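Enquirer: Below are the sequence and a predicted model; questions follow.
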Amino acid sequence: MSNQIQRLLAENIKRARARKRLSQMALASRCGISPGYLAEIETCRKFPSADVLQSLADGLQCHPSILFSPTPEETKEEPPFSPVIIHEITQAKERIAGEIDTLVRQLKPRYRL
């Protein structure tokens with residue numbers, strides 16, 4: 001087992017658990033595993049089976065793939081666009097589409113399209 005993958009899994013479980021404000025005991029109870037086993041997973045001493053991974057994802061209310069996803073800091077990716085930026089991009093696209101339509105209407109008679 002790659003230490004990098006195991007570390008990523010452990011950190012993502014801890015991060016998701018903290019985000020949901022769950023103790024190890026609370027998450028373990030949701031998942032049907034012992035708190036000690038969860039502690040071993042979070043400290044990279046044990047690697048869970050596929051069934052336990054699914055239970056952890058269910059307990060954290062996320063897709064199992066999220067448990068193996070690098071964080072934006074780890075991938076050097078920019079965070080997703082804010083709703084304001086998305087709105088501005090959408091408006092710009094609509095404005096450009098309107099300008100293209102106007103241009104096509106102007107050129108149709110000229111080139112008999």
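Expert: The structure has been received and is ready for your questions. Residues are numbered from 1 along each chain as shown.
Enquirer: spatially speaking, which residue is in the middle of the protein?
Expert: I66 (5.8 Å; Cα atoms, centre = their mean).
Enquirer: which residues touch that residue?
Expert: Counting by Cβ atoms under 8 Å, 6 or more residues apart in numbering, I66 makes contact with 12, 16, 57, 60. Yep, even glycine has a C-beta here, placed from its N, CA and C like the rest.
Enquirer: and if you look at A57?
Expert: 63-64, 66-67.
Enquirer: again, but for I41
Expert: Contacts for I41 (Cβ under 8 Å, 6+ apart) come out as 9-10, 13, 47-48, 52, 56.
Enquirer: mind giving me the domain split of the chain?
Expert: The chain breaks down into these domains under automatic domain parsing: 3-75, 80-113.
Enquirer: before we move on, back to that, save the contacts of I66 as a markdown table, and put in pLDDT too.
Expert: Listed next are the contacts of I66 as a markdown table, based on pLDDT from 0 to 100:
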| residue | pLDDT |
| --- | --- |
| N12 | 93 |
| A16 | 92 |
| A57 | 93 |
| L60 | 94 |
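Enquirer: quick revisit: make a ChimeraX selection of whichever of the contacts of I41 turn out to be buried.
Expert: Paste this into ChimeraX to select the buried members of the contacts of I41, with burial taken from 16 or more other Cβ atoms under 10 Å:
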select :9,10,13,48,52,56
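Enquirer: ok so, going back, in terms of mean pLDDT, which of the domains of the chain ranks lowest?
Expert: Lowest mean pLDDT within those: domain 80-113, at a mean of 82.
Enquirer: from the chain's centre, how far out does it sit?
Expert: 31 Å (Cα atoms, centre = their mean, to the nearest Å).
Enquirer: element containing the nearest residue to K46 once chain neighbours are set aside?
Expert: Leaving aside its sequence neighbours, K46 sits nearest to E40 (Cβ to Cβ, 6 or more residues apart in numbering; 4.0 Å). Under the criterion of DSSP states H and E, E40 resides in helix 35-42.
Enquirer: and A28, what does it touch?
Expert: Counting by Cβ under 8 Å, 6+ apart, A28 has contacts 34-35, 37-38.
Enquirer: re the thing from before, and which of the contacts of I41 is nearest S29?
Expert: Using Cβ to Cβ, L56 is the member of the contacts of I41 that sits closest to S29, with 12.3 Å.
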